[in-house]
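Participant: give me the fold of what follows.
(one chain, ligands or ions: 1)
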Amino acid sequence: MEEKSKRDGFGSKIGIIAAAAGSAIGLGNIYRFPCELGNNGGAAFLLVYLIVVVFLGIPVMLSELVIGRRGQSNAVGAFKKLAPKSAWPIVGYMGVLCGFIIFAFYSTISGWTLEYIVKSVSNSFQGKDLAAMEQDFSNFHDMGWRNVMWQAIFIFLTGFVVFKGVQNGIERYAKILMPVLLVILVILGIRSATLPGAKDGLVFLFKPDFSKITGKVLISALGQGFFSLSLGMGALITYGSYIKKDDNLTSTAFSVVLSDTLIALLAGIIIFPAAFSFGINPQAGMGLVFNTIPMIFNQMMGGYWFCIIFFVLLAIAALTSTISLLEVVVAYLSEELHIKRQWATVLACVATMLIGSFASLSLKSNTSLAFGGRTVFDWMDFISSNILLPLGGVLIVLFVGWKLGKSHFFDEVTNSGKLKSPLKRVILFIIRYLAPLAIIVIFISGLIK
Ligand code: PFF
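Facilitator: Modelled structure (predicted):
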């Protein structure tokens, strides 16, 4: 008890959900999800994605929250406390490393949101056709150091919030801004779905062609599910450790998964109808979102203002995610290595900046920062999302299902018997058998491809 009161924590129930949803909802939903869906056969990907989210996302998320709250510690410390003198803390170390890698490339795209705020304020999209928009986008990539500059500013912003601690920083910002983002996305979705030719986009998004489901689609959907829900690297172990003993972990997991999935779907409803309407290839990858969105605003009354608000909110959504990425690293450095929280933040930010700049510079068209058919940016994304997160996820469910065990799990999800938790047995069954098996099968099918 005494130990708990020394740690920072979330103040209210809505604060926890907002912070965890803030971690989950970000560029993964609005930027990465449409890219992955476009490159992996459209609706077939969506179908697998939804199955992953429901059957794996909820149990893995609950497992992380249970480990965090039970262990009352960071991603590494929680395993050390719950399984002393074992090899389990390796899962935590892997998570810290993964958080660091994701932050390094995620901050590149986060930086773009700042560039696009400036572009929208200066009305630079006005009247541009697709070709001009695409040209601008690739010109921007070729200005490698400008990308690095925005990335540095974004890392600084993240550091600033984490510096201030959990309740003052993370919770306060997340609580207000997430609902505003939802409203603007709904408005955008309606506009996009009513553009001429939008129907083809909706068909692409919702009508699955089962022959498109391959090993690559499976592993991409798995990686995207973990990435989007912030699972597999201890972000929610860390946040779980800040949740009070009388909060309901199961309902928190359900709310976060539901809101995250809703936002990803909305992003799909925004991007694909518009992309088909404007003739943008759904496999356009990085340009898909950054070119499509301003073009929708060009077709809207008050588009100038909406566009500014959109990119500001996108930046904030990215920020609430990078905060959780940095928090994993900082909580580890300060609690395990006893580096003062403030210094730990500075240290992590500088290291991310150094490594992250390679990710940014590797996106120039004539880059030498590429090997094996992938840029440094793509490698960081691939290794973290498609390998480390699923691996972390499988070890996390195995830990809760078999090492922590039934009685500790039930005790944690029922708040020591105070809550009913009717689904606890089903969820434990999934955690023990279904989730590990499914993750391993998908993982192997992806490798065999
Ligand atoms: N879930 C975030 C997104 O969808 O943008 C990205 C992310 C944040 C991944 C935190 C992992 C994480 F621990």
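Participant: secondary structure class for the residue nearest to residue 54 when sequence neighbours are not counted?
Facilitator: Nearest residue to residue 54 in three dimensions, chain neighbours excluded: residue 257, at 7.6 Å (CB to CB, 6 or more residues apart in numbering). Glycine gets a C-beta too; all of them are placed from N, C-alpha and C. Judged by DSSP: H, G, I helix; E, B strand; the rest coil, the three-state class of residue 257 is helix.
Participant: what's the answer for residue 357, then?
Facilitator: helix.
Participant: on that earlier part again, contacting residues around the residue nearest to residue 54?
Facilitator: Taking CB atoms under 8 Å, 6 or more residues apart in numbering, we find residue 257 in contact with 24, 53, 54, 57, 58, 61, 229.
Participant: do you know the pLDDT at the first one?
Facilitator: Model confidence at residue 24, expressed as pLDDT, equals 96.
Participant: please report how far the closest residue in space to it that isn't next to it in sequence lies from residue 57.
Facilitator: In space, residue 24 comes closest to residue 260 once its chain neighbours are excluded; the distance is 4.2 Å by CB to CB, 6+ apart. Look at residue 260 and residue 57: by CB to CB, to the nearest Å, they are 8 Å apart.
Participant: shared neighbours of those two, which are they?
Facilitator: With CB under 8 Å, 6+ apart as the test, residue 260 and residue 57 both reach residue 229.
Participant: touching the ligand at all, stretch 265-274?
Facilitator: No - contact of stretch 265-274 with the ligand (CB under 6 Å from any ligand atom) is absent, the minimum separation being 10.4 Å.
Participant: contacts for that stretch?
Facilitator: So stretch 265-274 is in contact with 29-30, 33-34, 37-38, 42, 46, 182, 185-186, 188-189, 192-193, 195, 197-202, 204-205, 280, 282, 288-289, 292-293, 295-296, going by CB under 8 Å, 6+ apart.
Participant: contacts only, for the residue of the chain found nearest the ligand.
Facilitator: The chain approaches the ligand most closely through residue 28 (2.0 Å), counting by CB to the nearest ligand atom. Applying CB under 8 Å, 6+ apart to residue 28 gives the contacts 224, 227, 228, 264, 321.
Participant: gap between the residue nearest to residue 54 and residue 441?
Facilitator: Plainly put, residue 257 is 21 Å away from residue 441 if you go by CB to CB.
Participant: do the same with residue 63
Facilitator: Distance, residue 63 to residue 441, using CB to CB: 19 Å.
Participant: of these two, give the one with the bigger neighbour count.
Facilitator: More crowded of residue 63 and residue 441, by other CB atoms under 10 Å: residue 63, with 31 against 12.
Participant: how about the residues of the chain near the ligand?
Facilitator: 23-24, 26-29, 99, 102, 227-228, 230, 233, 235, 321, 324-325.
Participant: could you work out the most separated pair of those?
Facilitator: Farthest apart among the residues of the chain next to the ligand by CB to CB are 29 and 99. That separation is 18.4 Å.
Participant: rewinding a little: what's the closest of the residues of the chain next to the ligand to residue 8?
Facilitator: Taking the residues of the chain next to the ligand together and measuring to residue 8 by CB to CB, the closest member is residue 324, at 14.0 Å.
Participant: how far out from the middle of the chain is whatever helix or strand that closest one lives in?
Facilitator: Residue 324 belongs to helix 303-336 when elements are defined using DSSP states H and E. Here helix 303-336 is found 10 Å from its chain centre; the criterion is CA atoms, centre = their mean, to the nearest Å.
Participant: check which residues of stretch 37-54 are buried.
Facilitator: Neighbour counts over stretch 37-54 (16 or more other CB atoms under 10 Å) mark 37-53 as buried.
Participant: how far is whatever helix or strand residue 295 lives in from where the chain is centred?
Facilitator: Assessed by DSSP H and E, residue 295 sits inside helix 286-298. On the basis of CA atoms, centre = their mean, helix 286-298 is displaced by 21 Å from the centre of the chain it belongs to.
Participant: CA atoms only for it - export them in PDB, please.
Facilitator: Coordinates of the C-alpha atoms in helix 286-298 are reproduced here as PDB (Å, rounded to 0.1, in the frame of the first residue of the first chain):
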ATOM      1  CA  MET A 286       2.500   6.800 -47.500                       C
ATOM      2  CA  GLY A 287       0.800   9.400 -49.700                       C
ATOM      3  CA  LEU A 288      -2.600   7.800 -49.400                       C
ATOM      4  CA  VAL A 289      -3.600   9.700 -46.300                       C
ATOM      5  CA  PHE A 290      -1.500  12.800 -46.600                       C
ATOM      6  CA  ASN A 291      -2.700  13.400 -50.200                       C
ATOM      7  CA  THR A 292      -6.300  12.300 -49.900                       C
ATOM      8  CA  ILE A 293      -7.400  14.200 -46.800                       C
ATOM      9  CA  PRO A 294      -6.500  17.700 -48.000                       C
ATOM     10  CA  MET A 295      -8.300  16.900 -51.300                       C
ATOM     11  CA  ILE A 296     -11.500  16.100 -49.400                       C
ATOM     12  CA  PHE A 297     -11.200  19.400 -47.600                       C
ATOM     13  CA  ASN A 298     -10.800  21.200 -50.900                       C
END
